[in-house]
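**Student:** Please work out how this folds:
(one chain, ligands or ions: 1)
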Amino acid sequence: SLVLVTGATGYIGQHIIDQLLERNFKVVGTARSQAKADALLANFSRIHDITNLALEIVPDIETAGAFNEVLKNHRFDYVIHTASPISFGAVADLYDFYVKPAVAGCENILQGVRDFAPSVKHVVVTSSFASVMRAEEFSNQAFIHTEETWNPMDWSDVKEEFEAYIYSKKAAELASRKFVEDNQSELKYKYTSVHPSYVFGPHLFASSLASASGSSELLNRILSYPPDKEGPFNDVASLACDVRDVALIHVEALFHPEELHNARLCTASGKFSSQSILDVLNSRFPEFKGKFPVGNPIEGKHYLETQTPAFDFSKTLELVGCSLRSLEETLYDAAKQYFDFEKAL
Ligand code: NDP
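**Tutor:** From the prediction side, this is the model:
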């Protein structure tokens with residue numbers, strides 16, 4: 001079988017491709033530039049037989065028909081769409097940077113597959129917990145986020161960059177579901193969305209750590225805290241999951257189009273904060289004793305239990321038939337990769 005993976009250069013996209021190649025699937029990935037495609041192929045050639053991997057260039061997922069040429073050039077069986085803007089920084093126009101490509105990217109892939117790839121059985125799209133989370137219930141432990149929960153926010157609620165990203169994921173999911181519903185009678189494929197919470201865990205290639213964005217950037221930041229930095233370390237606190245599990249859920253889902261049509265698959269293995277990351281660093285890496293702040297682990301645990309979203313995503317695990325790594329293992333493996341990488345420099 002042949003699988004198209006958009007966002008092949010991404011943190012999650014790379015793990016998805018790795019797992020597909022591991023299972024002997026053929027993969028075509030999309031990258032934004034030839035330079036990025038070449039670098040990625042060189043990396044993959046060190047761990048896989050890359051006769052099963054080809055990369056195609058889609059410079060802008062927002063352009064109408066962006067994926068049509070790629071879809072015409074191959075006979076795909078499955079599609080995983082991960083590409084979406086996620087890097088944070090000096091963005092001139094939040095709507096143009098986040099929302100437009102996120103929404104148009106989903107519409108272009110769903111429409112392109114409808115029109116040019118009738119052999120595709122299933123399209124799995126990477127959405128986010130952002131599209132599930134109800135901000136006003138963030139700390140309400142009596143409100144359980146499940147696969148049925150929807151983020152109620154509108155564009156008018158967006159005040160800063162992170163919220164623009166959150167909104168982009170919700171808008172993209174809404175647009176995707178509308179497309180699937182409006183085209184129900186014509187579509188030959190099934191549609192499923194995957195909603196990871198903060199994704200942590202090792203990069204497939206350690207070299208990516210140098211330019212890591214998103215959740216990996218947060219870990220890198222915490223790793224650089226001076227040991228005398230004062231807490232509390234609850235500035236970033238939410239739900240998290242492992243990149244390898246997120247990739248596995250995309251891949252497992254792919255092969256069950258009928259059972260998972262229109263499903264929302266949500267992943268969280270636990271609650272995290274900067275404090276809980278420090279706890280793992282301090283307890284699991286005794287060789288670095290004194291290198292990181294200790295903060296207040298007890299207060300931090302209480303904060304997580306009372307101030308971050310309650311959730312029950314057991315339906316996803318039942319549907320997909322897999323279990324998740326513990327968050328401690330995820331954070332340990334991520335930090336370990338970072339330390340090994342630093343040592344090798
Ligand atoms: P990365 O930034 O590593 O990957 C994002 C991918 O999307 C890259 O391949 C990137 O290409 C591509 N991309 C970004 N913006 C555009 C654009 N405007 N046009 C075309 N391609 C674009 O992040 P992740 O791997 O973590 O993200 C993958 C998906 O997972 C995204 O949909 C994200 O929203 C979702 N997600 C991520 C979470 C996390 O914590 N990391 C949590 C929940 C959901 P390039 O390499 O050229 O920049």
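
**Student:** which residue ranges form the strands in this protein?
**Tutor:** Assigned by DSSP state E, the chain shows strands spanning 2-6, 26-31, 53-57, 78-81, 122-126, 144-145, 190-196, 198-200, 237-242, 264-267, 270-273, 310-311.

**Student:** now the ones you listed as a markdown table including mean pLDDT, mean neighbour count and distance to the ligand?
**Tutor:** Every C-beta, even on glycine, is put in place using the N, C-alpha and C of the backbone. Below are the strands of the chain laid out as a markdown table (pLDDT from 0 to 100; neighbours: other CB atoms under 10 Å; distance: least, CB to the nearest ligand atom, whole Å):
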| stretch | mean pLDDT | mean neighbour count | distance to the ligand |
| --- | --- | --- | --- |
| strand 2-6 | 98 | 25 | 7 |
| strand 26-31 | 98 | 24 | 6 |
| strand 53-57 | 98 | 18 | 10 |
| strand 78-81 | 98 | 28 | 8 |
| strand 122-126 | 98 | 25 | 4 |
| strand 144-145 | 98 | 18 | 14 |
| strand 190-196 | 98 | 25 | 4 |
| strand 198-200 | 96 | 23 | 4 |
| strand 237-242 | 97 | 24 | 8 |
| strand 264-267 | 98 | 26 | 9 |
| strand 270-273 | 98 | 24 | 11 |
| strand 310-311 | 98 | 20 | 14 |
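
**Student:** I figured Asn234 hits Ser274, correct?
**Tutor:** Yes - counting by CB atoms under 8 Å, Asn234 touches Ser274, with 7.0 Å between them.

**Student:** neighbour count winner among the two?
**Tutor:** A count of neighbours by other CB atoms under 10 Å puts Ser274 above the other of Asn234 and Ser274, at 23 against 19.

**Student:** Roughly how far does that one sit from Pro297?
**Tutor:** According to CB to CB, to the nearest Å, Ser274 stands 12 Å off from Pro297.

**Student:** again with Tyr225
**Tutor:** Taking CB to CB, one finds Tyr225 at 15 Å from Pro297.

**Student:** what do you get for Asp245?
**Tutor:** 25 Å.

**Student:** now do Asn73
**Tutor:** The gap separating Asn73 from Pro297 is 54 Å, by CB to CB.

**Student:** More neighbours: those two, which one.
**Tutor:** Using other CB under 10 Å, the more surrounded residue of Asn73 and Pro297 is Pro297, with 16 against 12.

**Student:** Let me see the contact set for that one.
**Tutor:** With contact set as CB atoms under 8 Å, 6 or more residues apart in numbering, Pro297 has these partners: 275, 278-279.

**Student:** any idea which of the residues you listed is the one closest to Tyr98?
**Tutor:** Tyr98 has its nearest neighbour among the contacts of Pro297 in Gln275, at 28.7 Å by CB to CB.

**Student:** tally of neighbours for the closest one?
**Tutor:** 26.

**Student:** Correct me if wrong: it contacts Asn296.
**Tutor:** Yes - the pair Gln275 / Asn296 is scored as a contact, 7.0 Å apart, by CB under 8 Å.

**Student:** Let me see the contact set for the residue nearest to Pro202 when sequence neighbours are not counted.
**Tutor:** Nearest residue to Pro202 in three dimensions, chain neighbours excluded: Gln337, at 4.2 Å (CB to CB, 6 or more residues apart in numbering). Taking CB under 8 Å, 6+ apart, we find Gln337 in contact with 202-203, 206, 209.

**Student:** How about Gly214?
**Tutor:** Counted by CB under 8 Å, 6+ apart, Gly214 has contacts 11, 86-88, 199.

**Student:** how close does Glu136 sit to Pro152?
**Tutor:** When distance is defined by CB to CB, Glu136 is 8 Å away from Pro152.

**Student:** can you list the residues of the stretch 151-300 of the chain near the ligand?
**Tutor:** Contact residues (CB under 6 Å from any ligand atom) of the stretch 151-300 of the chain with the ligand: 169, 196, 198-199, 213-215.

**Student:** Repeat the analysis, applying 5 Å as the threshold.
**Tutor:** Applying CB under 5 Å from any ligand atom, we find that the stretch 151-300 of the chain lies next to the ligand at 196, 198-199, 213-215.

**Student:** Would you mind listing the two of those residues that lie farthest apart?
**Tutor:** In those, the most distant members under the criterion CB to CB are Pro196 and Ser213, with 14.8 Å between them.

**Student:** nearest spatial neighbour of Cys241, skipping sequence neighbours?
**Tutor:** Thr267 (4.3 Å).

**Student:** For Gln19, see how far away that neighbour is.
**Tutor:** The separation that Thr267 has from Gln19, given CB to CB, amounts to 15 Å.
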